[in-house]
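[1] Kindly generate the corresponding structure for this input.
(chains A and B)
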Amino acid sequence: MVTKVLEVAGLTKRFGEVVAVDDLAFGVEPGQVCGMLGPNGAGKTTTLRMLVGLVHPSSGEARLFGERVRAGAADLARVGTMIEHAAFVPYLSGLTNLRLYWEAGGGRFEDAALDDALAIADLGDAVHRKVKTYSQGMRQRLGLARMLLGQPEVLVLDEPTNGLDPGEMRDVRDLLRRLSERGNTVLLSSHLLSEVEQVCSHAVVMDRGRLVTTGTVADLTASVGHLYLEVDDVSRARTVLAAVPGVRGVTNEAPGLLVELGTTERREIVAALVHGGVGVETVTSRRRLEDAFLGLLDEED
Amino acid sequence: MFATFRAEMVKQWRRPRTYVALGITVVVPIIVGIALKANPPSLREGRNDGLFFLATKSGLILPVAALRVMSRFLLVIVVAMFAGDAIASEASWGNLRALLVRPIGRGRLLGAKLASAALLALIATVLISITGLVVGGIAFGWHPIDLSIPGGFGFQQSNGEIIRNLALATVYVFWGLSPVIALGFMVSTMTDAPAGAIFAAFGLYVVSSIVDAITAVGSIRYALPTHYFDSWSDLFTTHGASSDMVRGALLPIGYVLLFCGIAWWWFRRKDILS
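    Next up is the predicted model:
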């Protein structure tokens, strides 16, 4: 049995009458890149905060490297964390912020992975400017750099691409892929389902504090209930599919069509299209994570 | 612990607010010295000017006068700011969570923050005395002075005794403000609004002073943190520390232990949501 790097069991957090996280259980194994999905208020950030000792669980437990999480635990040195937007001491330069952050933990700044961190931050001479002059994107990049100073084995990220432009978002995704290839374990929350789909191997779906499902992204997006088609004549294909018994619905999903299947087999769909004179170029049962996510939430409701 | 404290001190030293606050403690004694030099008071203007009158006779008394003036208002605000800002400002920036996701225990961070706030408060108090001493020496010279003259303290002390007593008075004033520091620090662990913590700390001093002025309150006054606050002036009127000074030195211990204990208890259990 593989030891889970991150694990929560029966994790519950109440703020007065509000139950932010309710009996949550999941685990992340070494090398996995796991995305946490859920609408606003699902409890993602609270869960991440409990995983790194910022918030005390009302009941249940969170474990890091098999040890119960507690504030200030030595194992936190093996974890790089960025919760919500990256925040710094505004009147100090980016570099001084990194130095003081590192030295406050008792380490020598010379021992930090500064060059790698600065390469990630890509701030150039701006690293010597006061942080209060930075854009949100610059702060976010500096936050990623700060997180990586100690070359952590595990990364816990809350909306890591928040405030970044599309190019920077792509850079962060590439960074996460590189870290994953290096063997790092990543747990990240994101509103961007496409981001999770592109970066993550696994996903945890939450809603109203509860676990909806967990598994590989491939499992979540695989579906016998939907069929994605790319055809040479979309309009003609829609006409043909409308006449096929058992097809519940057809929606355009450029450049193809998403067919919601009832009792119909996929081979019957393809046969009907070919028989109707429609050239079928692509047939896949894979659907987008967004569809899977929304479908799961609908089932919850 | 020391690494965290050192990082904290660097952070505070580079903060513009720190320069402004410490600058105030330097500028005011200079202003007092210039004003006294330009317009020396006479004894006939009333007993309240006694200290200022003596300061013009010897620069050794100027820091005593500056300490008296500053410790009743501006210094209180300065130390309240250092204490009230300690944790709450980090929380308001959102930086507190970045500090606490490291293997730095909350008690350790709290200790480093409290120590840096207290050290800055001590530096502010010391700066008043040192600046007063320097300005007094330049403006009026460090002449031996007979404090028993009319309007004086009624007691004769050598220059060495005055300087020693000034040092004791400086420490006493700092320690007398320690309940303000401790309360400000305690509230700072509970809020993300530094202004609220600073106001609470200053409020303690103001409320205590007001209640202390109401004699009908009875013996409760003797337990108020400001009751013995001015007793340090006994150093210049009696041989050694008075019994009031001893009580005044012991009284803050309870407040400091209470407020710091609550801060520690609260902060260790606090959910960091900012």
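
[2] So which elements touch whichever helix or strand A:E260 is part of?
    In the assignment (DSSP states H and E), A:E260 maps to strand A:256-261. When contacts are defined as 3 or more C-beta pairs under 8 Å, 6 or more residues apart in numbering or on different chains; DSSP states H and E, strand A:256-261 packs onto strand A:226-231, helix A:234-242, strand A:247-253. All C-beta atoms are positioned from the backbone trio N, CA, C, and that covers glycine.

[3] moving C-terminal of that strand, what's the next helix or strand?
    Downstream of strand A:256-261 (by DSSP H and E), the next one is helix A:266-275.

[4] In that next one, which of the residues would be classed as buried?
    By neighbour count with 16 or more other C-beta atoms under 10 Å in any protein chain shown, helix A:266-275 contains the buried residues A:I269, A:A272, A:L273.

[5] Ok, stretch A:137-156 next?
    Buried, per 16+ other C-beta under 10 Å, within stretch A:137-156: A:137-150, A:152-156.

[6] With stretch B:103-118 instead?
    Buried-residue list, stretch B:103-118, by 16+ other C-beta under 10 Å: B:103-106, B:108-118.

[7] so which of the residues you listed also contact chain A?
    Subset of these in contact with chain A: B:P103, B:I104, B:G105, B:R106, B:R108, B:A112, counting by C-beta under 8 Å from any C-beta of the partner chain.

[8] mind giving me JSON lines with those residues and columns for pLDDT and secondary structure?
    What follows is these, written out as JSON lines (pLDDT from 0 to 100; DSSP: H, G, I helix; E, B strand; the rest coil):
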{"residue": "B:P103", "pLDDT": "90", "secondary structure": "coil"}
{"residue": "B:I104", "pLDDT": "90", "secondary structure": "coil"}
{"residue": "B:G105", "pLDDT": "91", "secondary structure": "coil"}
{"residue": "B:R106", "pLDDT": "94", "secondary structure": "helix"}
{"residue": "B:R108", "pLDDT": "94", "secondary structure": "helix"}
{"residue": "B:A112", "pLDDT": "96", "secondary structure": "helix"}
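
[9] which two from those end up farthest apart in space?
    B:P103 and B:A112 (14.2 Å; C-beta to C-beta).

[10] Tell me the helix or strand right after the one helix or strand B:L120 maps to.
    B:L120 is part of helix B:106-140, with elements assigned from DSSP H and E. Downstream of helix B:106-140, the next assigned helix or strand under DSSP H and E is helix B:159-176.

[11] could you give the angle of the next helix or strand after that next one to helix B:159-176?
    Once the chain leaves helix B:159-176, the next helix or strand it forms, by DSSP H and E, is helix B:178-188. Going by axes from the mean of the first three to the mean of the last three C-alpha atoms, to 10 degrees, helix B:178-188 is angled at 30 degrees with respect to helix B:159-176.

[12] that older thread, which one of the buried residues of helix A:266-275 is nearest B:P16?
    Nearest to B:P16, judged by C-beta to C-beta, of the buried residues of helix A:266-275 is A:I269 at 69.5 Å.

[13] So that closest one is in contact with A:Y228, correct?
    No - checked against C-beta atoms under 8 Å, the pair A:I269 and A:Y228 is beyond contact range at 11.1 Å.

[14] what touches both of those two?
    By C-beta atoms under 8 Å, 6 or more residues apart in numbering or on different chains, A:I269 and A:Y228 have these common neighbours: A:V259.

[15] interface residues of chain A facing chain B?
    Counting by C-beta under 8 Å from any C-beta, the residues of chain A close to chain B are A:15, A:49, A:52-56, A:71-77, A:79, A:81, A:83-92, A:96, A:100-101, A:103-107, A:143, A:146.
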